[in-house]
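Student: Sequence first, predicted coordinates after that:
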Amino acid sequence: MIQFVCYFFPAVLALRFDKNIGGSKSKDLFEIVTMYVLYVILINAVIYIIFYLFAVYRYYYFRVAHFNVSFTLKYLMLACPLAWIIPNMKHLLKKHLEVDVNVSRKV
């Protein structure tokens, strides 16, 4: 049960930060779910990389036994700032980066 909190709660925070940064644009349910899934994947992938690089035991995966109170607090202490950083990076890139694609068809 505690794994679900670690995996899915930071993504809820990221969605909330994303809404606050981007303004109150009304989004449809599909876009909200898509953003939620992307935030879950990004936040947890970054956490796994951090734990892999700096962990003592070098776990390739996390088992149920690893999710004790100490590990959960460490996980959430890393994931909650990421839930703020990732939406901010998204909006900075969206604001300052423009991609223009031109497609021409030769006959």
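Tutor: Done, it's in.
Student: For the chain, just list every one of the helices.
Tutor: For the chain, the helices defined by DSSP state H cover 2-22, 29-54, 69-96.
Student: Sort out which residues of the second one are buried, please.
Tutor: Of the residues in helix 29-54, M35, Y36, Y39, V40, L42, I43, N44, I47, F51 count as buried by neighbour count, 16 or more other C-beta atoms under 10 Å. (C-beta placed from N, C-alpha, C; glycine too.)
Student: again, but for the longest one
Tutor: In terms of neighbour count (16+ other C-beta under 10 Å), helix 69-96 has its buried residues at Y75, L76, L78, A79, L82, A83, W84, I86, P87, K90.
Student: and the third one, what is it in contact with?
Tutor: Right, the one you point to is L78. For L78, the contact set (C-beta atoms under 8 Å, 6 or more residues apart in numbering) comprises I47, I50.
Student: Which pLDDT does the model give it?
Tutor: For L78, the pLDDT comes out at 88.
Student: isn't F9 right next to T72, touching?
Tutor: No: taking contacts as C-beta atoms under 8 Å, F9 lies outside contact range of T72: 10.6 Å.
Student: sorry, back to before: make JSON lines from the helices of the chain and add distance to K106 to it.
Tutor: Shown next, in JSON lines, are the helices of the chain (distance: least, C-beta to C-beta, whole Å):
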{"stretch": "helix 2-22", "distance to K106": "40"}
{"stretch": "helix 29-54", "distance to K106": "35"}
{"stretch": "helix 69-96", "distance to K106": "33"}
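Student: Okay, now the unreliable bits of this protein?
Tutor: 23-24, 26, 56-67 (pLDDT under 70).
Student: still on that earlier bit, determine which two of the buried residues of helix 29-54 are furthest apart.
Tutor: M35 and F51 (24.3 Å; C-beta to C-beta).
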